[in-house]
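*Asks:* need a structure here:
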Amino acid sequence: MHHHKYIPSLKHNWFILIDPDKRIMPALSIGAFLQTVAADIAAIRVTMINHFKGKALKGTTYGGIVYARILDFKPGISIDDDVHNGIRVLPGFDKTKIWFEMENYDRHLWCNSWAQLLRQAQALFAWRRPGAL
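*Replies:* Numbers count the residues shown, from 1 in each chain. Sure thing, here's the model as predicted:
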């Protein structure tokens, strides 16, 4: 998870940071939303719906409506190499949401099988604790 080291060299101040297992639904018009964002906004969150084996999860910690960060403004953030918590909003900046309206979300194709879920858990455990596996 070394993509964070490339963020400072990006050409534009706003950037999308998205995993390869996520899909931005066409109704999520990010460009139009960016034109209305206040100057002190450094992070934009959108609805993320997690899917397991092709179906939306419901009733768990990962089910239902979850808001996830998708857009960040380089001058308003700090960056380190923690993939899930490594981008932080700086003092003087804030974050906002694009509210869920049925079709405007980030579709997270989390796992397609129990075996894939186990592999992801093992990889995350090994990444968090080098030398553990």
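*Asks:* for the longest strand seen in the chain, packing partners?
*Replies:* Looking across the chain with DSSP state E, the single longest strand is strand 41-52. In terms of contacts (3 or more Cβ pairs under 8 Å, 6 or more residues apart in numbering; DSSP states H and E), strand 41-52 is packed against helix 30-34, strand 66-73, strand 87-89, strand 94-98, strand 106-111. Quick note: C-beta positions are derived from backbone N, CA and C, even for glycine.
*Asks:* now with 6 Å, please.
*Replies:* With contacts taken as 3 or more Cβ pairs under 6 Å, 6 or more residues apart in numbering; DSSP states H and E, strand 41-52 sits against strand 66-73, strand 94-98, strand 106-111.
*Asks:* buried residues, the helix or strand following the last one. List them.
*Replies:* What that stands for is strand 106-111. Counting by DSSP states H and E, the next helix or strand C-terminal to strand 106-111 is helix 114-128. For helix 114-128, burial by neighbour count (16 or more other Cβ atoms under 10 Å) applies to no residue.
*Asks:* now swap in stretch 107-115 and tell me
*Replies:* R107, H108, W110, C111.
*Asks:* partner residues bridging D106?
*Replies:* Assessed by DSSP bridges, D106 has beta-bridge partners I24, M48.
*Asks:* surely it meets D19?
*Replies:* No: with contact defined as Cβ atoms under 6 Å, D106 does not reach D19; the gap is 9.6 Å.
*Asks:* quick one: which of the two has more around it?
*Replies:* D106 (23 against 13; other Cβ atoms under 10 Å).
*Asks:* pLDDT value on the more buried one, please?
*Replies:* For D106, the pLDDT comes out at 89.
*Asks:* now stretch 101-111: how far from the chain's centre is it?
*Replies:* 11 Å (Cα atoms, centre = their mean, to the nearest Å).
*Asks:* which residues are contacting it?
*Replies:* Contact with stretch 101-111 is made by 21-25, 27-28, 46-52, 117, as judged by Cβ atoms under 6 Å, 6 or more residues apart in numbering.
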